[in-house]
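[1] After the sequence you'll find the predicted model.
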Amino acid sequence: MPGDQFPITRWSVIDAVKSEDPAEQTRALDTLFAAYWKPVYKYVRLRWNRPTEDAQDLTQGFFAEMLERDLLAKYDPAKSRLRTYLRLCVDSFVMNQEKAARRQKRGGNATHVALDFPAAEGELAGATIDPASIPSPESLEEFFEREWVRSLFALAVEDLRKLCSERERERTFRLFDDYDLSDDEEISYERLAAEYAMPVTDVTNALSWARREFRRIALERLRELCGSDEEFHREAHAVFGSDAA
């Protein structure tokens with residue numbers, strides 16, 4: 001099935017930001033910001049123990065500097081993962097910011113997506129993470145990577161919702177949402193079949209299709225965020241394990 005294969009696309013933000021086509025550059029930046037702004041914001045809040053407003057300014061300021069200094073052009077996929085490179089750039093940016101600079105509002109076209117900071121704060125509050133209980137910087141590095149995967153999956157879920165709407169399969173997405181995204185430990189195929197007045201086999205087929213499409217979409221998103229095929233395959237196996245192949 002198509003969902004069982006690596007995506008064939010070779011488009012990536014690393015290539016597109018170097019394009020002379022403004023539309024391609026904008027698309028690349030939108031993709032990058034959508035995937036990374038929440039992990040960056042939450043990482044700054046915890047790793048650097050910044051209050052909400054400072055963390056917001058630092059997040060926006062970091063992406064502005066990324067554009068101004070053309071940091072993506074300096075990224076070498078042979079040396080590190082893109083997410084590792086960006087996290088180190090965040091650390092460097094925060095360390096080099098003076099108090100006045102941290103609070104300065106950055107304008108222009110630095111950000112191309114709406115940054116829903118209240119939503120990010122809500123996710124942090126629900127994560128039950130006490131910064132004082134985190135034993136080492138390595139734990140925060142792992143936190144950044146988990147948040148990056150969470151951001152990737154959230155974007156893939158939204159893409160799947162749109163796909164289901166376009167194909168008039170809204171019920172399929174609701175089944176996927178009810179079974180795979182909910183915290184209901186008592187949910188079952190049989191219960192969904194009863195609630196939606198459909199055979200259990202139809203529930204099984206719908207969820208199988210939704211999961212294949214979700215994996216395909218997530219892999220395509222991931223491919224866009226990698227600088228090389230080698231990095232993509234490493235990241236895919238890190239995120240999906242054997243299910244990536």
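    Here it is on my side, so go on.
[2] before we move on, what SS does Arg212 have?
    helix (DSSP: H, G, I helix; E, B strand; the rest coil).
[3] Near it, how many other residues are there?
    Other residues lying near Arg212 total 14 when counted by other CB atoms under 10 Å. Every residue, glycine included, has its C-beta placed from N, CA and C.
[4] From Val17, how far off is it?
    31 Å (CB to CB, to the nearest Å).
[5] Stretch 12-26: end-to-end distance?
    12 Å (CA to CA, to the nearest Å).
[6] roughly how far is that stretch from the heart of the chain?
    Centre-to-centre, stretch 12-26 and its host chain are 19 Å apart (CA atoms, centre = their mean, to the nearest Å).
[7] who's in contact with it?
    With contacts defined as CB atoms under 8 Å, 6 or more residues apart in numbering, stretch 12-26 is touched by 27-29, 31-32, 72-73, 75, 77, 82, 112, 223-227.
[8] Among those residues, which lie within helices?
    Arg27, Ala28, Leu29, Thr31, Leu32, Leu82, Arg223, Glu224 (DSSP state H).
[9] can you redo those residues as CSV with pLDDT and distance to Gly241?
    Output for the ones in helices among the contacts of stretch 12-26, formatted as CSV (pLDDT from 0 to 100; distance: CB to CB, whole Å):
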residue, pLDDT, distance to Gly241
Arg27, 86, 30
Ala28, 86, 28
Leu29, 87, 30
Thr31, 89, 24
Leu32, 90, 25
Leu82, 91, 20
Arg223, 92, 17
Glu224, 90, 21
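[10] between these, which is closest to Pro118?
    Distance to Pro118 across those (CB to CB) is lowest for Leu32, with 22.0 Å.
[11] residue boundaries of the helices in this protein?
    13-16, 22-47, 52-68, 82-95, 99-102, 117-126, 137-166, 170-176, 189-196, 200-224, 229-240.
[12] Tell me what angle the second one forms with helix 200-224.
    By that I understand helix 22-47. If you take axes from the mean of the first three to the mean of the last three CA atoms, to 10 degrees, helix 22-47 sits at 100 degrees to helix 200-224.
[13] Please identify the buried residues of helix 22-47?
    Buried residues in helix 22-47, counted by 16 or more other CB atoms under 10 Å: 24-25, 27-29, 31-47.
[14] For this structure, which element, helix or strand, carries the lowest mean pLDDT?
    One helix or strand of the chain scores below all others by mean pLDDT, DSSP states H and E: helix 99-102, with a mean of 50.
[15] Give the burial count for the closest residue to Phe93 other than its chain neighbours, as a bare number.
    Excluding its sequence neighbours, the residue lying closest to Phe93 (CB to CB, 6 or more residues apart in numbering) is Phe62, at 4.9 Å. As a burial measure, Phe62 scores 24 neighbours (other CB under 10 Å).
[16] hang on, Phe62 packs against Met95?
    No: the pair Phe62 / Met95 is not scored as a contact, 11.7 Å apart, by CB atoms under 8 Å.
[17] where does the chain have low pLDDT?
    For the chain, applying pLDDT under 70 flags the ranges 1-11, 98-114, 126-138, 242-245.
[18] From Asn96, how far off is the residue nearest to Phe93?
    For Phe62, the distance to Asn96 - CB to CB - is 11 Å.
[19] Return the alpha-carbon coordinates of stretch 58-69 using CSV.
    Provided in CSV are the C-alpha atoms of stretch 58-69 (Å, rounded to 0.1, in the frame of the first residue of the first chain):
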residue,chain,number,x,y,z
LEU,A,58,12.8,34.9,22.6
THR,A,59,10.9,32.5,20.4
GLN,A,60,10.0,35.1,17.9
GLY,A,61,13.4,36.7,18.1
PHE,A,62,15.1,33.4,17.4
PHE,A,63,13.2,32.8,14.2
ALA,A,64,13.9,36.4,13.2
GLU,A,65,17.6,35.8,13.7
MET,A,66,17.4,32.5,11.9
LEU,A,67,16.3,34.5,8.8
GLU,A,68,18.6,37.5,9.3
ARG,A,69,21.7,35.3,9.8
